[in-house]
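Engineer: dropping a prediction and its sequence here:
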Amino acid sequence: MLNKEIKGHPFCLRNTCAWVGAISENAKENLLMMEFPLAKDVVPFNFLTPMRIIRDAISAVGSPAPILVSEGANTMDVGRAVLVQTEPRTRLDAGTWGTMGIGLGYCIAAAVASPGRLVVAVEGDNGFRFNAMEVETLVRYELPVVVIVFNKGGVCGGERIPEEISFVPGAAYHILIEALGGKSYLVETPEELKSALAESFSARKAAVINVSIDPNAGA
């Protein structure tokens with residue numbers, strides 16, 4: 001029955017197909033629309049400024065490209081548009097259903113499956129909190145994983161809904177890995193983030209970079 005219905009309209013999956021071309025054009029328009037806000041350095045950080053800096057740092061690594069892991073709400077959504085991977089099989093994120101808590105598990109698996117290859121995790125603070133203690137595993141097995149936490153103080157923003165319970169403002173997530181013997185960074189400016197990324201990417205050792213984000217940035 002399906003074959004009969006589509007006989008006159010065979011499924012098309014080539015670059016010359018109209019619907020494929022329309023999606024490609026829409027994607028290009030979205031990227032162009034983001035270029036101007038991406039180019040600006042906004043402090044206190046919004047989501048775009050640190051994403052651009054992270055994108056450039058990952059790109060500078062060259063090939064083989066780092067394996068990118070990502071989870072979160074705003075953090076993962078913005079990352080999907082900005083942190084574009086150019087090599088196959090180098091991106092793992094929470095997927096369609098936003099399964100929070102998989103980030104550090106993915107990091108461990110990626111590092112073990114690809115020995116010596118840098119793994120970079122870009123995590124929302126809520127997603128990171130689900131399995132944050134797995135940073136101990138990163139340190140214990142000396143895995144080359146750099147975890148970047150977008151710390152905005154709560155789910156989708158820490159100050160927008162004051163009557164609801166939110167996270168501890170300015171939680172020092174980086175101190176967790178420091179207590180276990182890993183490297184920690186707290187960054188609030190573009191210069192601090194660039195320095196932390198350069199140092200941690202070069203060291204290829206377990207590290208957490210705690211990026212302070214404006215709690216209202218995801219409004």
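Structural biologist: Now that the structure is in, tell me what you want to look at.
Engineer: per-residue confidence at the residue lying closest to residue 181 once chain neighbours are set aside?
Structural biologist: Spatial nearest neighbour of residue 181, excluding adjacent residues (C-beta to C-beta, 6 or more residues apart in numbering): residue 139 at 5.0 Å. C-beta: built from backbone N, CA, C; applies to glycine. Residue 139 carries a pLDDT value of 98.
Engineer: name the helices or strands packed onto the strand or helix carrying residue 80?
Structural biologist: Secondary-structure element containing residue 80, defined by DSSP states H and E: helix 74-82. The contact analysis (3 or more C-beta pairs under 8 Å, 6 or more residues apart in numbering; DSSP states H and E) places helix 74-82 against helix 18-39, helix 48-61, strand 67-71, strand 91-93, strand 119-124.
Engineer: in TSV: those, plus mean pLDDT, distance to residue 134 and mean neighbour count.
Structural biologist: What follows is the helices and strands packed on helix 74-82, written out as TSV (pLDDT from 0 to 100; distance: least, C-beta to C-beta, whole Å; neighbours: other C-beta atoms under 10 Å):
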stretch	mean pLDDT	distance to residue 134	mean neighbour count
helix 18-39	90	31	11
helix 48-61	97	21	19
strand 67-71	97	12	26
strand 91-93	95	14	20
strand 119-124	97	10	29
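Engineer: looking at these, spot the one closest to residue 202.
Structural biologist: helix 48-61 (9.7 Å; C-beta to C-beta).
Engineer: which residues make contact with that closest one from outside it?
Structural biologist: 34, 37-43, 65-66, 68, 78-79, 82-84, 118, 120, 122, 148, 150, 190, 193-194, 197-198, 201, 211, 213 (C-beta atoms under 8 Å, 6 or more residues apart in numbering).
Engineer: if we can go back for a sec, could you dump the helices and strands packed on helix 74-82 into TSV with distance to residue 130 added?
Structural biologist: Formatted as TSV, these follow (distance: least, C-beta to C-beta, whole Å):
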stretch	distance to residue 130
helix 18-39	28
helix 48-61	21
strand 67-71	8
strand 91-93	14
strand 119-124	10
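Engineer: go through these and name the closest to residue 185.
Structural biologist: helix 48-61 (12.3 Å).
Engineer: where's residue 186, which helix or strand?
Structural biologist: strand 183-187.
Engineer: and the helix or strand that that strand is followed by, what does it pack against?
Structural biologist: Next helix or strand after strand 183-187 toward the C-terminus (DSSP H and E): helix 190-203. Judged by 3+ C-beta pairs under 8 Å, 6+ apart, helix 190-203 is in contact with helix 48-61, strand 145-151, strand 183-187, strand 207-212.
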